[in-house]
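1. Provided below are the primary sequence and the corresponding predicted coordinates.
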Amino acid sequence: MTKVISFKCIGNSGFLSLIDSLLAILLVLIALMAFNLLLAEGSDSLSEDVNMFKTSQDIMEIMSSSIDGKDYSMIAEISYTLNKYNNSKSAQREVSDKLVGFFNKYLKGVHYSFVENNQLKGKELAADGDRFSSNNLTVATRIYENYSYQLYVW
């Protein structure tokens with residue numbers, strides 16, 4: 001007498017067990033990818049920080065150079081205006097108007113603050129936003145004659 005053993009039941013449960021384990025692995029992978037996505041979204045990229053630093057340095061370099069066929073740089077012009085009128089309020093307004101026009105041309109979509117620290121004791125001459133509320137602030141500094149200028153970009 002030979003016994004015939006049926007494997008029909010064992011084969012089905014093995015298949016269901018395989019599908020069950022694959023679904024469990026898939027769920028674990030989805031959870032890991034979601035966790036990784038949340039971590040990556042919350043942090044700023046290092047290249048963005050470097051880009052903002054380069055932007056502030058480049059703009060300050062443009063301000064220090066003679067461009068557009070002018071004989072004087074923007075820094076020289078605003079220093080001359082402030083010095084000529086003894087740093088008066090009207091001179092500061094004139095300089096502020098020049099700076100806003102300049103920054104609107106070169107800094108589109110970027111917040112900025114331009115400050116004179118030596119003669120005007122930290123007076124903000126032009127601004128587009130509040131630099132104290134920013135957590136990613138870069139700065140470029142130039143000194144011209146008795147004036148010390150800082151450009152904050154964020």
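-> All right, it came through fine.
2. By residue count, which helix of the protein is the longest?
-> Among the segments of the chain that qualify as a helix by DSSP state H, the longest is helix 8-42.
3. Please identify the buried residues of that one?
-> For helix 8-42, burial by neighbour count (16 or more other C-beta atoms under 10 Å) applies to no residue. From N, CA and C alone the C-beta is placed, and that goes for glycine too.
4. Count the neighbours of Y80 for me.
-> Counted by other C-beta atoms under 10 Å, the residues lying close to Y80 total 15.
5. ok so, going back, can you identify the element that follows the longest helix of the chain toward the C-terminus?
-> Next helix or strand after helix 8-42 toward the C-terminus (DSSP states H and E): helix 46-64.
6. What helices and strands are in contact with that following helix?
-> Secondary-structure packing of helix 46-64 (3 or more C-beta pairs under 8 Å, 6 or more residues apart in numbering; DSSP states H and E): helix 74-84, helix 89-106, strand 138-144, strand 147-153.
7. can you redo those as a markdown table with distance to L120 and mean pLDDT?
-> Shown next, in a markdown table, are those (distance: least, C-beta to C-beta, whole Å; pLDDT from 0 to 100):
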| stretch | distance to L120 | mean pLDDT |
| --- | --- | --- |
| helix 74-84 | 8 | 95 |
| helix 89-106 | 7 | 94 |
| strand 138-144 | 13 | 94 |
| strand 147-153 | 8 | 95 |
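8. Please identify the deepest-packed of the ones you listed.
-> Sort these by mean neighbour count, taking mean count of other C-beta atoms under 10 Å, and strand 147-153 sits at the top with a mean of 21.
9. Sheet-wise, list the partners of that one with their directions.
-> Strand 147-153 sits in its sheet next to strand 112-116 (antiparallel), strand 138-144 (antiparallel), going by DSSP bridges.
10. what about those strands, which gets the closest to D97?
-> Evaluated over the strands paired with strand 147-153, closeness to D97 peaks at strand 112-116, with 12.3 Å, by C-beta to C-beta.
11. Just the mean pLDDT for the closest one, thanks.
-> The average of the pLDDT scores along strand 112-116 is 95.
12. still on that earlier bit, could you dump the strands paired with strand 147-153 to a markdown table with distance to K84?
-> Formatted as a markdown table, the strands paired with strand 147-153 follow (distance: least, C-beta to C-beta, whole Å):
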| stretch | distance to K84 |
| --- | --- |
| strand 112-116 | 15 |
| strand 138-144 | 14 |
